[in-house]
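**Q** predicted model, plus sequence, below.
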Amino acid sequence: MYSSCYFRVLDDSMSPSISEGDFVILNQFVYYYRKPRIGDVVICRNLKEERDIVKRIIKVDDENNRYWIEGDNKEKSIDSREFGWIKRSKILGKVWIVRRKSS
Amino acid sequence: MLYHFLELINRMIPAKPVYAHCDIPCGVYDPASADIAARGAYAMVEKMQPLKSLEQVHDQHDFVRMVNVKEEQAQICKQELLILWTDYFKQEHLDMFPDLHEKFWKATKQCSTVKRSTDLEEAQKLLDMVSEIAQMFRKAEEAKKE
């Protein structure tokens, strides 16, 4: 069980879906009863295990239990296009996005 | 409503940061993010100056909003500085900038000072410190091209 359940997003590599300053709430339980799917926005542990990153699942490899993730802001996002497929164990959960209202 | 509720919770139990930008390292660094955040904090402190009497409810309301944004921007500045310090600058940069660690340590401390303060001078100090770090970054980038 991951210790944190809510996060604040830094940077805008997931814009326009998620902007800097938005909150995301981690749902760790959904993947107990189903597998991650294409389109899910998830939080992953990065390769150096020092930061959590938020990306969208673009492709699924069921045979090897691995996932291809990308940011919605393709120009700014560093994702599977750079570091390749990620293992299921790196996915912490699916997120609910809580957007800041424009003031 | 939920966003504001989470903001309130965030003040007591800070949310863990999650990055839409990864830490591979990806080689994409820019002190502009820290600079923009420092300018945002300065702008809030500047706007707060005429409101310090807080006689009107409207002024009290605006003051609270400005404090929130100042807090947020100073924290973003601190995080951006920490990214540059821990991920961008390497051992070889210590030869170029012997006081690199001290500059970053003081700048991140100054972010905390700006959070606690309504003093415009403290906000200006942060801007100056971030500017010095940006200069180090530019020199380091130029050295890479040589």
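**A** Looks like it came in fine. Numbers count the residues shown, from 1 in each chain, chains lettered A, B, ... in the order given.
**Q** can you give me the helices in chain A?
**A** For chain A, the helices defined by DSSP state H cover A:30-33, A:80-83.
**Q** if you count neighbours, what's buried in the helix-or-strand element of chain B with minimal mean pLDDT?
**A** Lowest on mean pLDDT, DSSP states H and E among the helices and strands of chain B sits strand B:16-19, with a mean of 77. Of all the residues in strand B:16-19, those buried under the rule 16 or more other Cβ atoms under 10 Å in any protein chain shown are B:K16, B:P17, B:V18, B:Y19. Where you see a C-beta, it was placed from the backbone N, CA and C, and this is true even at glycine.
**Q** ok, the last one to A:I43 distance?
**A** When you say that, I think you mean B:Y19. Using Cβ to Cβ, to the nearest Å, B:Y19 is found at 10 Å from A:I43.
**Q** what do these two both touch?
**A** Common neighbours of B:Y19 and A:I43, using Cβ atoms under 8 Å, 6 or more residues apart in numbering or on different chains, are A:D52, A:I53, A:V54.
**Q** low pLDDT regions in the chain?
**A** Using chain A. A:1-4, A:46-50, A:101-103 (pLDDT under 70).
**Q** if you could check chain B rather than the one you did, that'd help
**A** If you take pLDDT under 70 as the line, chain B has these spans: B:20-28, B:52, B:146.
**Q** what's the closest of the helices of chain A to chain B?
**A** In terms of Cβ to the nearest Cβ, the element of those nearest to chain B is helix A:80-83, at 6.0 Å.
**Q** just the CA atoms of the closest one, as CSV, please.
**A** Output of helix A:80-83 as CSV, limited to C-alpha atoms (Å, rounded to 0.1, in the frame of the first residue of the first chain):
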residue,chain,number,x,y,z
SER,A,80,8.1,5.7,-22.7
ARG,A,81,9.2,7.2,-26.0
GLU,A,82,12.5,7.8,-24.2
PHE,A,83,12.7,5.1,-21.5
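**Q** which other helices and strands does that helix contact?
**A** Applying 3 or more Cβ pairs under 8 Å, 6 or more residues apart in numbering or on different chains; DSSP states H and E, one finds that helix A:80-83 contacts strand A:66-70.
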